[in-house]
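S.K.: Sequence plus the predicted model coming up.
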Amino acid sequence: RLKTKQLENSRHTDMVTAVGWTTNNQLYSASDDLSVVAWDMSGDPQNLAFELETPVTSLSWQPAARGASEVLAIACSDGSFKIINKSGRIEKHATDAHKGAVIAVRWSHEGSTIATGGEDGQVKIWARSGMLRSTLAKSDRPVYSLAWSPSSDHILYASHKNLYIKHIQAGQKSVQWKAHEGCVLQVDWNPSNNLVISGGEDCKYKIWDTYGRNLYSSSPYEYVITSVAWSPNGELFAVGGFDMVRLCDKTGWTYSLAKPKSGSVMNIAWSWDGTMLAGAGGNGAVVFGYIVDKRMSWENVEIQLNEDNKIRVIDVIHEISEELEFRDRVINFSLGYEHLVLTTTSQCYIYNVQNWQAPSRFDIKEPASLIFLSSKYFALVDLTNGIQIYNFEGRLMSNPKFQGLRVEFLNPGSLSLSTDVVAVIDTANPKTLRLFDLISGKPLANNFEHNLDIIEVQANQVEHAAERKLCILDSNRDLFLTSVHRNEMMKLSTMVDTFKWSEKSDMISAITDGNLLVWYYPNVVYTDKDLMQLSRSSRNVASDVGKMSVIDSFTSSLVTVRRVDGRIATLSISPYPALLSESANRGQWEKAIRLCRFVKDPTLWACLAAMALYSRELNTAEIALAAIDEADKVQFINYVKLIPSEVGRNAELARFCRRPQEAEQMLLQARMYYRAIKMNIRSFKWERALEIALSNKKHIDTVIAYRRKFLEAGGREESLEKFKQFSDLETDWVAIKTKIKQEKESEAMQGKPFEG
């Protein structure tokens, strides 16, 4: 909910045209009365910052990434713009920047460039020194608003009914589309979620992607939409109109509606920590809005932020209702994995949901803009320190960093952590996923490169580091699964709206094209891809969740989904796969078989088959595969059982799981040269088979003999140069078979036959 506050007697005597926050959460407001006033966070005016000679139409603070010496760019109605420091000293003055008023001004995200839009229909790019770099666009209609892309290489601007996205370098492809039925008055482009919002004279606000596709369109309101603004993390946005400030979710639905006595809200600006906003009132009022009544739930616990420094805890099972009061204003909090992590302006508090009386706490230099939780650790993200990893006792574990990291561009989908790995989408190059060791903060040897931009990443929460997997969603809405230790992507599904790992088991849920998909055993992609569809459940939930829904949580057998209209839908899934996984993890295979026989579900049998194959439990795999009529695989399992050595059996299973290099390595390390050679021959990898034979000086004649037999069967001549040099070698099948027999007997004597 948005709680608004304004002075009874306005500090300004004329229309307030622009507002903007500094990084230390001080607000500056500019008015047609030619004054610029500084305000504190409580909504009280501090002082008259400075006065100007011409009315201000827009202002923009230089981003904090450029250092502590904050300056602001001010657009004026006389066609000029100024770069002014906080004390009012004019550092640069660009006169005659536009013909007519300069309506919009914006710093680029790195703070080195300024964009202006004017009444003359032109968009211009300026250097920090005030020198004109280029005229980006010319139009016969005024440019009322503009915004920079996340990478600061494109400009979004509004002219008449249309929106335009143009590259700042000439000759690049541009995008344009009709956005509203009336003139577009305000736009904003969020660097965290890469989405665009617009408001216009048709009394609607709309959400767009960067291709011009409409993701949400509001119903028409009574008055014109005069201002729109994203929150810094891209999870919320605010919409302003006549006596109206509307707080909305990033998907478009409205959290709350406030009706201040402000006239038309001409401009909206968010504080850097995203906890409050300010609006420029057409009647001279400056409206302050505070985010209150924020709620979060996890299993049987609900947290409510009632006031800026008070939180109510409700535990419905233990019938507990407590109020936690803090010395400073609460900035952010996150609930999950049996813990509440909360940050104020100066401290971080860590509560266990079993004990609300004795939290761990430590001091922080800057409020955290984002909090990420995992089963054993959590991460705080702020502009000064970047990404910091802590355990739930409050001890700092690591501070992962890399060149080009822009933490202000991170969003809840950009980072994920598990018990041993931190995964971060590179904001400078979204096709790259960077991995770090959680304890040391050092980068891992392998980063992941994708062919499309990655928009979300999540890590599973299982205990074993060897089982660490990541799910990524790309800009094409394709869902991929990858192991941290195997640099290969496996596509799970297409057209995915949202996905989530289970908190307590190794399962993935996703909503795609109106269906709820649940992969009960994702490791199946590394054992037998043929079982992937069989071990997955699918259910149509379009009537329950609609479009553009978001999975909030996935615990036990419940999937909680937030609909596009803000309502919560709870979807249930079968509890048996989690029980089956628990039995398999404990090695209780007989219990797992009894469970499958009781449930009589082919999906459960397929999961058991995949689990058994992954764990090399051949008897269980044979029973499970027989239950789902996979006769060819049952026959293969029986063949594997006859192999006299454990290494040979493991190598065959690795080959079955499409890991031939791993299988070959096993055999060579055990000096089973014939099996390694024969495995490559069966795969028609003749040159590799010969390479193994030559390097180990074993079975060279065996490879040549099988090669000749293969060519004779097909009536072909030798075409491989490596084999042509052995054209004079005679084939003695008796000697070859004798050697093969001897090696098999040696393997049988040294090996351990399959039991059971």
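M.R.: Now that the structure is in, tell me what you want to look at.
S.K.: Could you work out the end-to-end span of stretch 429-449 for me?
M.R.: End-to-end distance for stretch 429-449, by Cα to Cα, to the nearest Å: 10 Å.
S.K.: before we move on, what about stretch 230-239?
M.R.: Where stretch 230-239 begins and where it ends lie 9 Å apart, using Cα to Cα.
S.K.: which residues make contact with that stretch from outside it?
M.R.: 2, 188-193, 195, 197, 199, 205, 218, 225, 227-229, 245-250, 255, 268, 270, 272-274, 277, 279, 289, 291, 369-370, 408, 410-412 (Cβ atoms under 8 Å, 6 or more residues apart in numbering). Every residue, glycine included, has its C-beta placed from N, CA and C.
S.K.: give me that answer again for 6 Å
M.R.: 188, 190, 192-193, 197, 205, 228-229, 246-248, 250, 268, 270, 274, 277, 411 (Cβ atoms under 6 Å, 6 or more residues apart in numbering).
S.K.: Check the offset of it from the chain's centre.
M.R.: 17 Å (Cα atoms, centre = their mean, to the nearest Å).
S.K.: Repeat that for stretch 428-443.
M.R.: Worked out by Cα atoms, centre = their mean, stretch 428-443 lies 13 Å from the chain centre.
S.K.: Could I get the full set of strands for the stretch 551-700 of the chain?
M.R.: 558-562, 568-572 (DSSP state E, counting those that start in this stretch).
S.K.: that older thread, are any of the contacts of stretch 230-239 buried, and which?
M.R.: With burial judged by 16 or more other Cβ atoms under 10 Å, the buried subset of the contacts of stretch 230-239 is 188, 190, 192-193, 197, 205, 228-229, 246-248, 250, 268, 270, 274, 277, 411.
S.K.: Mind checking which of those land in strands?
M.R.: Counting by DSSP state E, the buried ones among the contacts of stretch 230-239 place 188, 197, 205, 228-229, 246-248, 268, 270, 277 in strands.
S.K.: can you pull the buried residues of the longest helix along the chain?
M.R.: Secondary structure of the chain read by DSSP state H shows that its longest helix is helix 733-750. Using 16+ other Cβ under 10 Å as the burial criterion, the residues of helix 733-750 that qualify are 736, 739, 743-744, 747.
S.K.: ok, those residues vs residue 559, which is closest?
M.R.: residue 747 (49.5 Å; Cβ to Cβ).
S.K.: can you map out the helices along this protein?
M.R.: 542-545, 576-585, 589-599, 602-615, 618-627, 631-641, 646-656, 660-669, 673-682, 686-696, 700-714, 721-724, 733-750.
S.K.: Take those and write them to TSV, including mean pLDDT.
M.R.: Converted to TSV, the helices of the chain look like this (pLDDT from 0 to 100):
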stretch	mean pLDDT
helix 542-545	90
helix 576-585	92
helix 589-599	95
helix 602-615	93
helix 618-627	94
helix 631-641	91
helix 646-656	88
helix 660-669	90
helix 673-682	91
helix 686-696	92
helix 700-714	91
helix 721-724	88
helix 733-750	86
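S.K.: Quick one, which of those gets closest to residue 535.
M.R.: Nearest of the helices of the chain (Cβ to Cβ): helix 602-615, 4.1 Å.
S.K.: For that closest one, list every residue counted as buried.
M.R.: 603-615.
S.K.: For those residues, name the two members farthest from one another.
M.R.: Pairwise over those, using Cβ to Cβ, the maximum falls at 603 and 615, 18.9 Å.
S.K.: pLDDT wise, what is residue 65 at?
M.R.: pLDDT recorded at residue 65 is 51.
S.K.: circling back to that earlier point, right, so the strands of the stretch 551-700 of the chain: which one is the most enclosed?
M.R.: Highest mean neighbour count among the strands of the stretch 551-700 of the chain (mean count of other Cβ atoms under 10 Å): strand 558-562, with a mean of 20.
S.K.: hang on, isn't residue 31 packed against residue 12?
M.R.: Yes - contact criterion Cβ atoms under 6 Å: residue 31 and residue 12 qualify, at 3.9 Å.
S.K.: Residue 349 and residue 335: what is the separation?
M.R.: 12 Å (Cβ to Cβ, to the nearest Å).
S.K.: So those two - more neighbours on which side?
M.R.: Using other Cβ atoms under 10 Å, the more surrounded residue of residue 349 and residue 335 is residue 335, with 23 against 19.
S.K.: Please report how far the residue nearest to residue 148 when sequence neighbours are not counted lies from residue 155.
M.R.: Nearest non-adjacent residue to residue 148, counting by Cβ to Cβ, 6 or more residues apart in numbering: residue 108, 5.1 Å away. Going from residue 108 to residue 155 by Cβ to Cβ gives 9 Å.
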